[in-house]
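**Student:** Quick check, what structure comes out for this input:
(chains A, B, C and D)
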Protein chains: 4
Amino acid sequence: MSIKAEIIQFLAREMPHSKCIVEAVGSASATVKHPVGPEELRPGGTVAGAVLMAVADVALYVAVLGEIGIVPLAVTTSLTINFLRKPASDSSIVAVCKLIKLGRSLAVGEVALYSEGAPDLVAHVVGTYSIPRKPRDGA
Amino acid sequence: MSIKAEIIQFLAREMPHSKCIVEAVGSASATVKHPVGPEELRPGGTVAGAVLMAVADVALYVAVLGEIGIVPLAVTTSLTINFLRKPASDSSIVAVCKLIKLGRSLAVGEVALYSEGAPDLVAHVVGTYSIPRKPRDGA
Amino acid sequence: MSIKAEIIQFLAREMPHSKCIVEAVGSASATVKHPVGPEELRPGGTVAGAVLMAVADVALYVAVLGEIGIVPLAVTTSLTINFLRKPASDSSIVAVCKLIKLGRSLAVGEVALYSEGAPDLVAHVVGTYSIPRKPRDGA
Amino acid sequence: MSIKAEIIQFLAREMPHSKCIVEAVGSASATVKHPVGPEELRPGGTVAGAVLMAVADVALYVAVLGEIGIVPLAVTTSLTINFLRKPASDSSIVAVCKLIKLGRSLAVGEVALYSEGAPDLVAHVVGTYSIPRKPRDGA
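**Tutor:** Alright, predicted model coming up:
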């Protein structure tokens, strides 16, 4: 099974309520898409900021898992988001994550968030992930 | 109508899908609560990080509205969250926001996030809000 | 020798060019002061942002060392600063740091920055520190 | 006079103590270099974090000025830095800034920090700049 398929299966168990779709994984990066419908919108036609943060967080997680394999205990330790432009109300959100550091205990990635089909960033995220130490005896 | 009641009414229209409960508003601060049930949990009994970010964002919004009144165009411009401890799986999340700056065009606040009834922070947020300029002619 | 005296001695070796003065250490917190003179100012009488960041970083370091002892390998891993108000050009900068998490491998603290004698924050910082694992054999 | 020359002249007045060298400006980006000598180092041969933050701040400033012209009142409002790798003790620091938003009142940029000649990031910064409104009467 490919790492992408493994991650998709893992997320389906780990985050059964998430609507995120894993589009690509590999080379210390990941692309994740999230559909936008009435539940994601706020009056005025803006995609809720919480949706952008959630998609970015998943993209980071997928990029990290793509490098270290399925490690359920990897957790986000921090996330900084800058909201840049109003996302389109009728387009999916696309999050493209690139890891800029992958250490033994800490990974750092940045995420560019777009409205699908539009070139400008709607938000930019930097996040850090804590990677658990490998158990020495398989316990 | 009190500013708290106004804000509750406004949020019911603005964020009809949000489960956030406004507990207190005033003195450049706000307290917002979010129930935790199966939808908010991830396997292992952790409250999803996205829930924490969303509640913090609402607490900031409520604290800002409590000072400037109902201004629908105020928008989050940035948010930094540090995840500190695993939240309890059977307690609501409580977010306590204090504004540390309220300028004409920018507000900055910090948010302490707790599992209800426990003293330790589960996460800490700093966020910035852009406040639209007042129209000069009432338009 | 008190932990405060130990830290002062350590910083004199570690950061010989720093003008930071350790005012207080203890209870997961620290207060550090930095004089403001011509070198710290920019035209217009503003204290350079770089000075504020540097003082906050030292305050975090001192608060962490106050808890874990003199551990030279503790390093800042991230820092977020919000600049809130123009500092006075004729007052020292005072940084008050409180740790909000002290884990085995990561510490998180926030720092309030003031112009000495004035009540309003000039800047607010959240920073994270990586704490090296204790060697098991003294190596 | 080119915008690069204008900025260099302006910075010489505005930040007379800074050692930053403007290498390039244009297309919503800027490259700034900072020499590393004994004053920038900490024992163990690490470049002080404060130096990295200061260079990133200048790179952002230069990129913003390159787009909006010499506007002395533009000020950093926030900055998030992630420290990724130990910089070399014998190489200059190079900061490459790209603006990801240039609005009327707010600019956002990210900065990649390198040790000159090495491909890996030593730190990553996202910063925001407040741009003053144009006076309506030249006052």
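**Student:** Could you identify the longest helix within chain A?
**Tutor:** With secondary structure taken from DSSP state H, chain A has its longest helix at helix A:49-68.
**Student:** Give the buried residues for that one.
**Tutor:** The neighbour-count criterion (16 or more other C-beta atoms under 10 Å in any protein chain shown) identifies A:49-67 as the buried residues of helix A:49-68. (Glycine included, C-beta is placed from N, CA and C.)
**Student:** Now do stretch A:75-86, average pLDDT.
**Tutor:** The pLDDT scores in stretch A:75-86 average 96.
**Student:** same check, this time on stretch A:96-112
**Tutor:** For stretch A:96-112, the mean pLDDT works out to 96.
**Student:** so how far is the first residue of it from its last?
**Tutor:** End-to-end distance for stretch A:96-112, by C-alpha to C-alpha, to the nearest Å: 5 Å.
**Student:** do stretch A:76-89 and chain B meet?
**Tutor:** Yes - with C-beta under 8 Å from any C-beta of the partner chain as the measure, stretch A:76-89 is seen reaching chain B through A:76, A:77, A:78, A:79, A:80, A:81, A:82, A:83.
**Student:** The longest helix of chain A versus helix B:49-68: what angle between them?
**Tutor:** Helix A:49-68 runs at 150 degrees relative to helix B:49-68, counting by axes from the mean of the first three to the mean of the last three C-alpha atoms, to 10 degrees.
**Student:** which residues does the residue sitting nearest the centre point of chain A contact?
**Tutor:** Chain A has residue A:59 as the residue nearest its centroid, 1.5 Å off, counting by C-alpha atoms, centre = their mean. By C-beta atoms under 8 Å, 6 or more residues apart in numbering or on different chains, the contact set of residue A:59 is A:30, A:31, A:32, A:95, A:96, A:97, A:109, A:111.
**Student:** ok so, going back, just the C-alpha atoms of the next helix or strand after the longest helix of chain A, please, in CSV.
**Tutor:** Per DSSP states H and E, the first helix or strand lying C-terminal to helix A:49-68 is strand A:75-83. Written as CSV, here are the backbone C-alpha positions of strand A:75-83 (Å, rounded to 0.1, in the frame of the first residue of the first chain):
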residue,chain,number,x,y,z
VAL,A,75,0.9,16.3,17.6
THR,A,76,0.8,20.0,16.6
THR,A,77,2.6,22.1,19.1
SER,A,78,2.0,25.5,17.6
LEU,A,79,0.4,27.1,14.6
THR,A,80,0.6,30.7,13.3
ILE,A,81,-1.9,31.8,10.6
ASN,A,82,-2.0,35.0,8.7
PHE,A,83,-5.3,35.7,6.9
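**Student:** Near residue A:43, how many other residues are there?
**Tutor:** 10 (other C-beta atoms under 10 Å in any protein chain shown).
**Student:** give me the number of residues near the residue nearest to it when sequence neighbours are not counted?
**Tutor:** In space, and not counting its chain neighbours, residue A:43 is closest to residue B:14: 5.5 Å by C-beta to C-beta, 6 or more residues apart in numbering or on different chains. A count of neighbours around residue B:14, defined by other C-beta under 10 Å, yields 16.
**Student:** Say whether chain B is contacted by the helix or strand containing residue A:111.
**Tutor:** Assigned by DSSP H and E, residue A:111 belongs to strand A:106-115. No - judged by C-beta under 8 Å from any C-beta, strand A:106-115 and chain B are separated, with a smallest distance of 13.3 Å.
**Student:** next one: that strand to chain centre, how far?
**Tutor:** A distance of 7 Å separates the centroid of the chain from that of strand A:106-115, by C-alpha atoms, centre = their mean, to the nearest Å.
**Student:** rewinding a little: how much space separates the residue nearest to the centre of chain A from residue B:22?
**Tutor:** Going from residue A:59 to residue B:22 by C-beta to C-beta, to the nearest Å gives 31 Å.
**Student:** Likewise for residue A:80?
**Tutor:** According to C-beta to C-beta, residue A:80 and residue B:22 sit 26 Å apart.
**Student:** Which one's more surrounded, the two?
**Tutor:** Neighbours per residue, other C-beta under 10 Å: of residue A:80 and residue B:22, the larger number sits with residue A:80, 23 against 20.
**Student:** what's near enough to touch that one?
**Tutor:** Neighbouring residues of residue A:80 by C-beta under 8 Å, 6+ apart: A:125, A:126, A:127, B:78, B:79, B:80, B:81, C:80, D:80, D:126.
**Student:** repeat for residue A:120
**Tutor:** By C-beta under 8 Å, 6+ apart, the contact list for residue A:120 reads A:84, A:85, A:114.
**Student:** you'd agree residue A:82 is up against residue D:129?
**Tutor:** No - Residue A:82 lies out of contact with residue D:129 (C-beta atoms under 8 Å); the separation is 11.6 Å.
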